[in-house]
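[1] let me see the structure of the following:
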Amino acid sequence: MDESGPESVEGSAVFNPEGWYETPDTTEIKYTYAGGVVMTCRQKLNTKNPDQGTEFIGDKGSLFVYRGGIIANPKELLKGVELPKIISSQANISHVSNFFDCVKSRKTPAADISIGHRSATVCHLGNIAVRTKKKITWDPQTETIVGDAEASKWLTKAYRKPWSLG
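    Numbering: from 1, shown residues only. Prediction:
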């Protein structure tokens, strides 16, 4: 499994002022990786644009990823990159079809479990940083939050009996 991941995560969010839901309307999360690579992930509620997504901003430009595709700024960022031909309404169907095809063929799916695990981990760490309002120090090899027992509690939850993880 790929043992990469951010070494620190910090972020902020704006929630619905009337508390209608617990998902933030906007977030800005900064992920710092080994060697000083920084990825800034911004999400913004945009009621005028149904193609909401996530913008990744780096030193050389930005990528806006949404159900309908990817928009690169500058466009040259995607030069030589093969992207799947998925239309927004087909995105989930394509993933499910690929999964079933791979169950039958025993091939590795487009979104392999290790990719899913690392992608979900980054999202969870951003959520922990936003909700605790703290900078999180993360050890990607041991998959632990370093030096913060309170923030570490967000990594798991109590399981209902008789279920356990162990």
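[2] name the element Asn127 belongs to?
    Using DSSP states H and E, Asn127 falls within helix 113-132.
[3] so where's this structure uncertain?
    Applying pLDDT under 70 to the chain picks out residues 1-3, 45-52, 67, 84-92.
[4] hmm, who's touching the helix or strand harbouring Arg42?
    With elements taken from DSSP H and E, the one containing Arg42 is strand 38-44. With contacts defined as CB atoms under 8 Å, 6 or more residues apart in numbering, strand 38-44 is touched by 6, 24-33, 52-59, 126. Every residue, glycine included, has its C-beta placed from N, CA and C.
[5] give me the distance from it to the chain's centre.
    10 Å (CA atoms, centre = their mean, to the nearest Å).
[6] can you show me the strands along this structure?
    Using DSSP state E, the strands of the chain run over 8-14, 26-32, 38-44, 53-58, 61-66, 69-73, 136-139, 144-145.
[7] would you mind measuring from Phe100 to Arg106?
    Phe100 sits at a distance of 12 Å from Arg106 (criterion: CB to CB, to the nearest Å).
[8] pick out whichever of the two has more residues nearby.
    Phe100 (11 against 6; other CB atoms under 10 Å).
[9] what's the separation between that one and Lys107?
    12 Å.
[10] cool, Ser114 as well?
    15 Å.
[11] count of neighbours near the closest residue to Ser152 other than its chain neighbours?
    Nearest residue to Ser152, sequence neighbours excluded (CB to CB, 6 or more residues apart in numbering): Ile145, at 4.5 Å. Neighbourhood size, Ile145 [other CB under 10 Å]: 23.
[12] contacting residues for Ile145?
    128, 136-139, 151-152, 155.
[13] which one of these is nearest Glu76?
    Trp138 (31.5 Å; CB to CB).
[14] give me the number of residues near that closest one?
    Using other CB under 10 Å, the number of residues around Trp138 comes to 23.
[15] re the thing from before, next, the buried residues of the helix holding Asn127.
    Residues 118, 121-122, 125-130, 132 are the ones in helix 113-132 that count as buried (16 or more other CB atoms under 10 Å).
[16] with distance to Pro74 added, can I get those residues in JSON lines?
    Output for the buried residues of helix 113-132, formatted as JSON lines (distance: CB to CB, whole Å):
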{"residue": "Arg118", "distance to Pro74": "27"}
{"residue": "Thr121", "distance to Pro74": "29"}
{"residue": "Val122", "distance to Pro74": "24"}
{"residue": "Leu125", "distance to Pro74": "29"}
{"residue": "Gly126", "distance to Pro74": "26"}
{"residue": "Asn127", "distance to Pro74": "30"}
{"residue": "Ile128", "distance to Pro74": "33"}
{"residue": "Ala129", "distance to Pro74": "29"}
{"residue": "Val130", "distance to Pro74": "29"}
{"residue": "Thr132", "distance to Pro74": "36"}
